[in-house]
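Enquirer: what's the 3D shape of this:
(2 chains)
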Amino acid sequence: MHRNTNQAGSWRRPVWAALLGLMLAVGTAATALAGDWPDRPVTLIVPSGAGGGTDQTGRLLAERLRARFGQPFVVVNQGQGGGVVGIGAITGARPDGYTLGILYNFAHYKPLGQADISAGDVTAIAQYNADPAGFHVHRDSPWRDVRAALDALKADPAAHTIACAGGCGGSWPVAVASLLRAWGVDPAAARMIPSQGAAASLQDLAAGGVDVVPCSLPEARALMDAGLVRGLAVFGSERLAAFPNVPTLAEETGLTLDLGAWRGLVGPAGLPETITAQLEAAMADIVADPGFRDAMAAHGFGVVWRDGEAFAAFMRDQETTVRAVLRDLGLTRAKP
Amino acid sequence: MDLSVLAAAAALVLTPPVLGTMMAFAAAGLAIGAIPGLTATLGVALLVPATLALEPVAALAGLMSLAATAIFAGDLPGALLRIPGTPASAAYVDAAHALSRRGQAGRALGLGLACAALGGVAGALALLLLAPGLARLALHLSTVETFWLACLGVSAAALVARGSPLKGALSLLIGLAIGLVGLDPVSGQPRLTGGVDALSGGAGVIPVMIGLFALPELVRTPRAHATATRRDVLLFGGWFAAVRRDVWRSRGRIAAGCGLGTVIGAVPGAGADIAAYAARAVAGRGAPAKAPGDDEAAVIAPAGAANNAAIGGALVPATVFGIPGDALTAVVIGALTLHGLTPGPTVFLVEPERITAVFLAFLLANVMLVPLGLLAIHLIGVVPRVPRAVVTPIVLVACLIGAYAVGGTDVAVLVMLAAGVLGIALDAAGVPLAPLVLGLVLGPRLEEALLTSLLKSGGDPLVLVSRPGAVVLAVVTLGLWAWPIGRWFCSVASRRQDPSS
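Expert: Below is the predicted model:
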């Protein structure tokens, strides 16, 4: 590229100088050398479409990580294949600290035969969030409460559609399928509809394309505020502070199902200890920071802290429990 | 339009870094558009990687400025050398060149600049005022309607494309086939990746586009350059009065060009190129000529306005439905997604300020076009003097770097080179390239919408016409196919009746 600069200098005309200068910019962006981490922008892969909960919390983190490390943390949304592409991009990246990602409920991919990912494929840095699932219906839905919806589903499971708000096997469909099973409905008989993520499923709900979307409350907030979507219930045992009008599942049905989504910062397996330690310390500060907690609360996200070690243990535990749930619910095929 | 959103968006755009980025990208747009073979589409595709380190608003505002100026700059070599800088300026290259040969190069370029700015502002206003309303409308679109919209885009790509519809369809099918590579959009299983993990996200629209458009131009330019050696005398003095007169005389045609450009640009699969030709055809003939050159001016005015208005129009379905109107907006969608503004109705709910800021930047870019365009007209004299031997290797290196920077893998570079070979072959066979890009972009969307719709109905295909919106879109799509087929039947029938014709 140096040769180009010299040529540009020898040409008197600014049009050419501008063009070559921009080409130089393309080159530098691509060829920055590795040195003291981080000396160039870090890619933060969000394995979901823009607008969903993983995306929103990922952006809150990216902003603060940039402030702390002085390099942009560029959010890249890869929601294709129900998140498989994004997660594959994280686990397949070089463990040099320049590709990190947000990981969420991943344990269903392997038993469902969608992707070969296990807790050992990532370096756990820290968990920062957990959100209970919700039960959302269209404004004009005949169901006024979650019992009415469950009874209708029980009467004829195949007559209604339930969006997966992502791949069918993720946190939300697992939660809603567990609820159906607890209510005596065969989840395998319900029509589960995959999508690119919660945002896409909610759009389909607003358009009347599906009957139920089981994503988290914060993800549905914009459409709830617009009056297009109603939240009938939230999983877990307590109402969310940001959504005092949405009753808990326990209040409505007497069932206590503490299910939902969790999110944490991870890198590819084998991330150098020095980088992991820096990131873990930064995450501890961010999660403790009142500004971050306020921002998370303003968006309605729950803050949960697990350090790297506890987060890794939690993910290994998830693998066993989710596999058992999928088997119990008949979601796993005998042999994919 | 919510005024508080507009004010917040203006606050995002009217900052020194954003305005500085816009100026730099606008200048780059002029340089790129002015070089024959380097199109606005290619310019945006090449510079997307350079925006990775920028803030999203600055990056997207810059790319908008580049798109707006590059389309105009295509007129410069068109008027002077009879080489259209962009496919859109090919619609009036003859008229502009005829004016130049009469020593009225300044009039041709000045009129082109005035019309481009007017058309661009019209398109930007339509985008700014109509897009949020369309977003609310789009919240009524389920996967069923998305399926038909994607069908409509795919059909328009083949049928509205210039030249033979058969070649357009062939190009489209190649694009759809390339679009099959990657993970199955519903089950998430890898497909046609040949075990290459880097392909599980698909072949990648931008590496394919860089190769497809840039490499054939590199092969083609030596021939085109043969006509480029002769330079006409440039006479810029005193053209302002002539341009003012032309704009006033052609005010009706310019308005028609703005309207047609916006509407045709908004039809998926049409875009700036077709808008320019259509505006020329519909509005090209008007008042009888009173002075030499008036006929040419009457052609330049509507087509020049339409090709810039079409960008604003094409951005409406691109941002609201995520469906590209043409190849340029297909690249812009990629850039928006890269910077965290995934096109779709929810973007207007989630981040109304940022998407409005992008639209506002596009409006501003069309205003900035006037001073920058005047500067470019004065500088244009140098471009024909730069030897091809210098330009060609620089462009090739930029392609290699651009493909790697976007894909981040060696595979992306190989995909770019393979697409280049494909592009050279298709170009030689006279197969248009734009339908291929639309097929590549729309194929996965079409497939996902169809499969999820069928999942909802348990496999009953009648679900595709189960909603009023879907029925309307289905009728429009099928009508689009029925029209040329019906015409063909009529012509066959009339030939049978009257063998002499």
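Enquirer: okay, residue 277: pLDDT?
Expert: Went with chain A since none was named. With respect to pLDDT, residue A:277 has a value of 95.
Enquirer: should've been chain B
Expert: Confidence score, pLDDT, at residue B:277: 69.
Enquirer: List the contacts of the nearest residue to residue A:150 once chain neighbours are set aside.
Expert: Leaving aside its sequence neighbours, residue A:150 sits nearest to residue A:183 (CB to CB, 6 or more residues apart in numbering or on different chains; 4.7 Å). Quick note: C-beta positions are derived from backbone N, CA and C, even for glycine. Shown in contact with residue A:183 (CB atoms under 8 Å, 6 or more residues apart in numbering or on different chains): A:150, A:153, A:154, A:253, A:255.
Enquirer: Is residue A:106 within a helix or a strand, and which one?
Expert: Taking DSSP states H and E as the definition, residue A:106 sits outside all helices and strands.
Enquirer: Count the neighbours of it for me.
Expert: Neighbour count for residue A:106, taken as other CB atoms under 10 Å in any protein chain shown: 26.
Enquirer: Distance check, it against residue A:76.
Expert: With distances taken as CB to CB, to the nearest Å, residue A:106 is found 18 Å from residue A:76.
Enquirer: now swap in residue B:170 and tell me
Expert: Remark: distance between residue B:170 and residue A:76 (CB to CB) = 34 Å.
Enquirer: swap in residue A:267?
Expert: 14 Å.
Enquirer: The two - which one has more neighbours?
Expert: Taking neighbours as other CB under 10 Å, residue A:267 and residue A:76 compare with residue A:267 leading, 26 against 20.
Enquirer: which residues touch residue A:198?
Expert: Counting by CB under 8 Å, 6+ apart, residue A:198 touches A:48, A:51, A:52, A:53, A:165, A:166, A:172, A:213, A:215, A:216, A:219, A:220.
Enquirer: Report the secondary structure element holding residue A:136.
Expert: Using DSSP H and E, residue A:136 falls in strand A:134-138.
Enquirer: Likewise for residue B:447?
Expert: Per DSSP H and E: helix B:434-457 holds residue B:447.
Enquirer: Buried residues in that helix, which are they?
Expert: For helix B:434-457, burial by neighbour count (16 or more other CB atoms under 10 Å in any protein chain shown) applies to B:434-456.
Enquirer: all helices of the stretch 1-150 of chain A, in order?
Expert: Under the criterion DSSP state H, counting those that start in this stretch, the stretch 1-150 of chain A contains helices at A:2-10, A:14-31, A:53-69, A:84-91, A:146-155.
Enquirer: Against residue B:421, how distant is residue B:428?
Expert: Taking CB to CB, one finds residue B:428 at 11 Å from residue B:421.
Enquirer: can you list the residues of the stretch 101-250 of chain A near chain B?
Expert: Proximity of the stretch 101-250 of chain A to chain B is confined to A:113-115, A:158, A:161, A:167, A:191, A:193-196, A:199-200, A:202-204, A:206-210, A:222-223, A:226, A:228 under the rule CB under 8 Å from any CB of the partner chain.
Enquirer: please redo it, this time with the cut-off set to 6 Å
Expert: Within reach of chain B by CB under 6 Å from any CB of the partner chain, the stretch 101-250 of chain A has these residues: A:114, A:161, A:167, A:193, A:194, A:199, A:203, A:204, A:206, A:207, A:209, A:222.
Enquirer: possible to save these as CSV with secondary structure?
Expert: CSV is the format used below for those (DSSP: H, G, I helix; E, B strand; the rest coil):
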residue, secondary structure
A:114, coil
A:161, strand
A:167, coil
A:193, strand
A:194, coil
A:199, helix
A:203, helix
A:204, helix
A:206, helix
A:207, coil
A:209, coil
A:222, helix
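Enquirer: Which one of the residues you listed is nearest to residue B:309?
Expert: Top of the list for closeness to residue B:309, among these and by CB to CB, is residue A:203 at 29.1 Å.
Enquirer: Just the pLDDT for the closest one.
Expert: Listed pLDDT for residue A:203 reads 81.
Enquirer: swap in residue A:29?
Expert: So residue A:29 comes in at 43 (pLDDT).
Enquirer: now the one 10 residues further on
Expert: What the model reports as pLDDT for residue A:39 is 89.
Enquirer: Which single residue in the stretch 1-150 of chain B comes nearest to chain A?
Expert: The nearest approach of the stretch 1-150 of chain B to chain A comes at residue B:142, 3.1 Å away (CB to the nearest CB).
Enquirer: Now that residue. Nearest residue, chain neighbours left out?
Expert: Residue B:142's closest residue in space is residue A:209 (CB to CB, 6+ apart), at 3.1 Å.
Enquirer: what's the burial count for that neighbour?
Expert: 26.
Enquirer: Backbone torsions only: list them for it.
Expert: phi -80, psi -30 (degrees, to the nearest 10).
Enquirer: what's the lengthiest helix in chain A in contact with?
Expert: Counting residues, the longest helix found in chain A (DSSP state H) is helix A:308-328. Helix A:308-328 is contacted from outside by A:107-108, A:111, A:119, A:124-127, A:174, A:264, A:280, A:306, A:332, using CB atoms under 6 Å, 6 or more residues apart in numbering or on different chains.
Enquirer: now the helices: where do they sit in the stretch 251-400 of chain B?
Expert: Under DSSP H, counting those that start in this stretch, the stretch 251-400 of chain B gives helices at B:251-266, B:271-283, B:294-320, B:327-338, B:346-350, B:352-379, B:388-407.
Enquirer: actually the stretch 151-300 of chain A, not the one I wrote
Expert: Assigned by DSSP H, counting those that start in this stretch, the stretch 151-300 of chain A shows helices spanning A:171-182, A:198-206, A:217-225, A:249-253, A:273-288, A:290-299.
Enquirer: Contacts only, for residue A:115.
Expert: By CB under 6 Å, 6+ apart, the residues touching residue A:115 are A:84, A:109.
Enquirer: what's the pLDDT at it?
Expert: 75.
Enquirer: Model confidence at the residue nearest to residue B:142, what's the number?
Expert: pLDDT, residue A:209: 90.
Enquirer: what is the rounded mean pLDDT of the helix holding residue B:447?
Expert: Computed over helix B:434-457, the average pLDDT equals 84.
Enquirer: Just the angle for that helix relative to helix A:198-206, thanks.
Expert: Interaxial angle of helix B:434-457 relative to helix A:198-206 (axes from the mean of the first three to the mean of the last three CA atoms, to 10 degrees): 60 degrees.
Enquirer: do the next helix or strand after helix B:434-457 and chain A meet at all?
Expert: Downstream of helix B:434-457, the next assigned helix or strand under DSSP H and E is helix B:468-497. No - on the criterion CB under 6 Å from any CB, helix B:468-497 is out of touch with chain A, staying 8.8 Å away.
Enquirer: now helix B:468-497, how far from the chain's geometric center?
Expert: Relative to the centre of its chain, helix B:468-497 is centred 27 Å away, using CA atoms, centre = their mean, to the nearest Å.
Enquirer: same for the strand with the most length in chain A, what does it pack against?
Expert: Secondary structure of chain A read by DSSP state E shows that its longest strand is strand A:122-132. Here strand A:122-132 touches strand A:260-268, helix A:273-288, strand A:303-307, helix A:308-328, going by 3 or more CB pairs under 6 Å, 6 or more residues apart in numbering or on different chains; DSSP states H and E.
Enquirer: Packed most tightly, which of these would that be?
Expert: Sort the helices and strands packed on strand A:122-132 by mean neighbour count, taking mean count of other CB atoms under 10 Å in any protein chain shown, and strand A:260-268 sits at the top with a mean of 25.
Enquirer: Following the record's annotation, map out the domains of the chain.
Expert: You didn't say which chain, so I picked chain A. A:42-131+A:260-328, A:134-253 (automatic domain parsing).
Enquirer: wait, chain B
Expert: B:3-466, B:467-501.
Enquirer: Of those domains, which stretch is the most buried?
Expert: domain B:3-466 (a mean of 22).
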